[in-house]
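*Asks:* everything below, folded, please.
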Amino acid sequence: MSVVKINVLTVPQEQRETLEKRFASRAHAVESSDGFEWFELLRPVEGTDNYLVYTRWRDEASFQAWMEGPMKAAHQGPDSGGERPKPAASGSTVWSFEVVQQAGPAGV
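*Replies:* Model prediction:
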């Protein structure tokens, strides 16, 4: 059964561009991970500073393998003794869901 992970990132207005650039620079980093099904970065429009990072996985084990491997490596920063960049988000919470029903457009 597919699982959905939504990372809720609190991002101050002055850090939004930084966050989006960092995601763009890592574009396609998750797509070849075993069990990966979907990704979306959702920018807040009004009333909140929270970005949502939506990922969908074949199962919990696939998500955990990605968290402990490629994701962890991508967030560790430079290997050559350089300083790690300051986080763009001031807070993060992960919501987890199982997909129990789904529908797509008719005729697809």
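*Asks:* who's in contact with Met71?
*Replies:* Applying Cβ atoms under 8 Å, 6 or more residues apart in numbering to Met71 gives the contacts Val30. In short, each C-beta sits where N, CA and C put it, glycine included.
*Asks:* tell me the secondary structure of it, please.
*Replies:* For Met71, the assignment made with DSSP: H, G, I helix; E, B strand; the rest coil gives helix.
*Asks:* now do Phe97
*Replies:* Once three-state DSSP is applied, Phe97 turns out strand.
*Asks:* mind checking pLDDT for it?
*Replies:* If you check Phe97, the pLDDT there is 96.
*Asks:* roughly how far apart are it and Arg56?
*Replies:* From Phe97 over to Arg56 the distance is 9 Å, taken as Cβ to Cβ, to the nearest Å.
*Asks:* in which helix or strand would I find Leu19?
*Replies:* helix 16-25 (DSSP states H and E).
*Asks:* hmm, back to that, which of Phe97 and Arg56 has more neighbours?
*Replies:* Each of Phe97 and Arg56 has its neighbours counted (other Cβ atoms under 10 Å); Arg56 has more, 19 against 11.
*Asks:* coming back round to it: shared neighbours, Phe97 and Arg56?
*Replies:* Contact with both Phe97 and Arg56 is made by residues Val3, Val4, Lys5, according to Cβ under 8 Å, 6+ apart.
*Asks:* so which of these is the most crowded?
*Replies:* Highest neighbour count within the shared contacts of Phe97 and Arg56, by other Cβ under 10 Å: Val3, with 19 neighbours.
*Asks:* and that one, what does it touch?
*Replies:* Applying Cβ under 8 Å, 6+ apart to Val3 gives the contacts Arg56, Trp57, Asp59, Glu60, Phe63, Ser96, Phe97, Glu98, Val99.
*Asks:* of these, just say which sits nearest to Glu17.
*Replies:* Relative to Glu17, the closest of the contacts of Val3 is Arg56; by Cβ to Cβ it sits at 26.4 Å.
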